[in-house]
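Colleague: What follows is a predicted structure for the sequence shown.
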Amino acid sequence: MKRLIRVLAMLCVMALGFCALAEQSATVTSVEAASDNTEADERGVESLKLIADAMVEKNSVNVDTVSGATGTSNAVIAAATQAWLQIQAEAASGEDWMEAAPAGDTLYQVALLQSLVQGYYDGIVTVEELKQHGDTGIGTFEDVNGEMIVLDGTVYQAVADGSIAVPSEDETVPFSNVTFFDVDETLALSGVADMAALQEAMNGVVNELGANCFYMVKIEGTFDSIKVRSEYKQEKPYRALDVALAEDQTEFDYEDVRGTVVGLYCPDYMGGLNTPGWHFHFINEDRTRGGHVLQISVKEAEAAFDMTDGFEMAPLKNPVVDLKKH
């Protein structure tokens, strides 16, 4: 049996529940991608076809962007991804549809991780818009201008010198994950030696509650040591993220410091869309220093978990994507 799902990414976003999501069981047999932009040039139309063909060949929506058409590529991949996630959710549940997650119980994502990795650093939503979808989270800013920490409804920017700024409401965001935080579980932490030990402790809670959900976490307390990074603002033409970080990354070491680590856990099936497992950002107690966490040792802290089974991606412009599956 074939099912046709049509996604108009310019107008629609999907909010789906994924805690019950199991292994990918559908096969991509056809992808039709078209733009509603009547002035689309020949290169844009060809890019749509190349991406569609690549998805069928790989049986995956996680494909590379087309050189010279990164914006179009990312828009099509995002639209296809949302359709594919719904197909997987239906296959796992045996249902023809899934109800939207409750208001506030949704992880809101701006763009695809792979778009950032490949050097697409243009902002998609403003800080003001982002705050309408969550009060806690992580991300970055246009031109990869530092690391984002969203805490208690305030968006903080850890810039290249490690200091903290509060960006304007019209600052734009190329990649982020936020949610409205509520506590579902807590875990006391003491004498956690390093990042591996911290992740092991956090995974214990995740495995108990359900590894196919998303988790936002706030770890508040005292840290024996913590190493963080930020990066300098990039200029066009953008380089791939690994190249930019290799040349423009800055690192800072802090000892016996109080503050908050904001972390995100993504399930394995989010590979290519985001980073499976944990991703942590830090801001100190007086909100003056912070960044992406590279290494950590916890003295005494409490981790609060927000278990989230909804996923929503920021709407993108133009693409219409049809996916067919057996």
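Modeller: Yes, it's here. Given the structure is predicted, the values throughout are model-derived calculations rather than measurements. Numbering: from 1, shown residues only.

Colleague: Low-confidence ranges, the stretch 201-326 of the chain, go.
Modeller: Applying pLDDT under 70 to the stretch 201-326 of the chain flags residues 272, 316-326.

Colleague: Could I get the contacting residues of residue 297?
Modeller: If you count contacts by CB atoms under 8 Å, 6 or more residues apart in numbering, residue 297 has them with 192, 193, 194, 223, 224, 225, 226. Every residue, glycine included, has its C-beta placed from N, CA and C.

Colleague: Likewise for residue 207?
Modeller: Listed by CB under 8 Å, 6+ apart, the contact set of residue 207 is empty.

Colleague: do you know how far it is from residue 199?
Modeller: Computed as CB to CB, to the nearest Å, the residue 207 to residue 199 distance reads 12 Å.

Colleague: Strands of the stretch 201-326 of the chain, residue ranges please.
Modeller: Applying DSSP state E, counting those that start in this stretch to the stretch 201-326 of the chain gives strands spanning 214-231, 249-266, 277-284, 290-308, 310-313, 319-325.

Colleague: Put together TSV for these, with distance to residue 143 on each row.
Modeller: Below are the strands of the stretch 201-326 of the chain laid out as TSV (distance: least, CB to CB, whole Å):
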stretch	distance to residue 143
strand 214-231	10
strand 249-266	15
strand 277-284	18
strand 290-308	16
strand 310-313	22
strand 319-325	24
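
Colleague: Can you tell me which of those strands is nearest to residue 55?
Modeller: Checking these against residue 55 by CB to CB gives strand 319-325 as the closest, at 8.2 Å.

Colleague: how does the chain divide into domains?
Modeller: 3-99+313-325, 124-308 (automatic domain parsing).

Colleague: Check the burial of residue 192 by counting its neighbours.
Modeller: Applying other CB atoms under 10 Å, we find 23 residues neighbouring residue 192.

Colleague: and stretch 171-184, which residues are buried?
Modeller: For stretch 171-184, burial by neighbour count (16 or more other CB atoms under 10 Å) applies to 171, 172, 173, 174, 175, 176, 177, 178, 179, 180, 181, 184.

Colleague: now swap in stretch 288-298 and tell me
Modeller: 289, 290, 291, 292, 293, 294, 296, 297, 298.

Colleague: can you check stretch 158-167 too?
Modeller: Judged by neighbour count (16+ other CB under 10 Å), stretch 158-167 contains these buried residues: 158, 159, 160, 162, 164, 167.

Colleague: Format these as CSV; extra columns: distance to residue 120.
Modeller: Shown next, in CSV, are the buried residues of stretch 158-167 (distance: CB to CB, whole Å):
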residue, distance to residue 120
158, 21
159, 21
160, 20
162, 26
164, 26
167, 20
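
Colleague: Format those residues as CSV; extra columns: secondary structure.
Modeller: Shown next, in CSV, are those (DSSP: H, G, I helix; E, B strand; the rest coil):
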residue, secondary structure
158, strand
159, coil
160, coil
162, coil
164, strand
167, coil
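
Colleague: Looking at these, which two lie furthest apart in space?
Modeller: Farthest pair in the buried residues of stretch 158-167, by CB to CB: 162 and 167, 16.0 Å.

Colleague: what's the distance between the closest residue to residue 119 other than its chain neighbours and residue 313?
Modeller: Leaving aside its chain neighbours, residue 119 sits nearest to residue 238 (4.1 Å; criterion: CB to CB, 6 or more residues apart in numbering). Distance, residue 238 to residue 313, using CB to CB: 22 Å.

Colleague: which of those two has more neighbours?
Modeller: Higher neighbour count among residue 238 and residue 313: residue 313, with 21 against 17, using other CB under 10 Å.

Colleague: How about that one: which residues does it bridge to?
Modeller: Counting by DSSP bridges, residue 313 forms beta bridges with residue 109.
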